[in-house]
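> Sequence below, structure please.
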Amino acid sequence: MADEIRAEMVANVWKVVKATGETVEEGDTLVILESMKMEIPVVAESTGVLKELAVGEGDVVQEGDLIAVIE
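Numbering: from 1, shown residues only. Now for the predicted structure:
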């Protein structure tokens, strides 16, 4: 079963930490968002393989946008 990680707010993708195909543990940081000069880590909500990373550094995400899929 796939677990979709979605943006909780409008933000810039400041840094991508994990790459597609990597094994991730629950709580691992996938990307770091920046909003209003604050850094917001986006973490894996489950353990698995990062099947899809839908954002890149410099992208702007809106609330609800897909960030990653963990399978």
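
> what is the mean pLDDT for stretch 34-44?
When pLDDT is averaged along stretch 34-44, the result is 96.

> wait, I meant stretch 8-22
The average of the pLDDT scores along stretch 8-22 is 97.

> in that stretch, what counts as buried?
Under the neighbour-count criterion of 16 or more other CB atoms under 10 Å, stretch 8-22 has Ala11, Val13, Trp14, Val16, Lys18 buried. Placement of C-beta: from N, CA and C, glycine included.

> now, among those residues, which is nearest to Gly58?
Distances from Gly58 to the buried residues of stretch 8-22, taken as CB to CB, are shortest for Val13 (6.4 Å).

> Glu39 versus Glu4, what's the distance?
22 Å (CB to CB, to the nearest Å).

> contacting residues for Glu39?
Under the criterion of CB atoms under 8 Å, 6 or more residues apart in numbering, the neighbours of Glu39 are Trp14, Ile32, Leu33.

> and the residues you listed as a markdown table, adding secondary structure?
Output for the contacts of Glu39, formatted as a markdown table (DSSP: H, G, I helix; E, B strand; the rest coil):
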| residue | secondary structure |
| --- | --- |
| Trp14 | strand |
| Ile32 | strand |
| Leu33 | strand |
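
> Columns distance to Val49 on top of these, output as JSON lines?
Formatted as JSON lines, the contacts of Glu39 follow (distance: CB to CB, whole Å):
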{"residue": "Trp14", "distance to Val49": "24"}
{"residue": "Ile32", "distance to Val49": "21"}
{"residue": "Leu33", "distance to Val49": "22"}
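
> Tell me the one of the residues you listed nearest Glu22?
Of all the contacts of Glu39, Ile32 has the smallest distance to Glu22: 15.8 Å, by CB to CB.

> Export stretch 6-21 to CSV, keeping only CA atoms.
The C-alpha coordinates for stretch 6-21 follow below in CSV (Å, rounded to 0.1, in the frame of the first residue of the first chain):
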residue,chain,number,x,y,z
ARG,A,6,1.3,16.1,0.8
ALA,A,7,2.1,19.7,1.6
GLU,A,8,0.4,21.2,4.6
MET,A,9,1.0,24.8,3.5
VAL,A,10,2.2,27.0,0.7
ALA,A,11,6.0,26.9,0.8
ASN,A,12,9.2,26.7,-1.3
VAL,A,13,11.2,23.4,-1.5
TRP,A,14,14.5,24.5,0.0
LYS,A,15,16.3,21.2,0.1
VAL,A,16,15.7,17.6,-1.2
VAL,A,17,17.2,15.2,1.3
LYS,A,18,16.2,11.7,-0.1
ALA,A,19,16.1,10.4,-3.6
THR,A,20,13.7,8.2,-5.5
GLY,A,21,14.4,4.5,-4.9
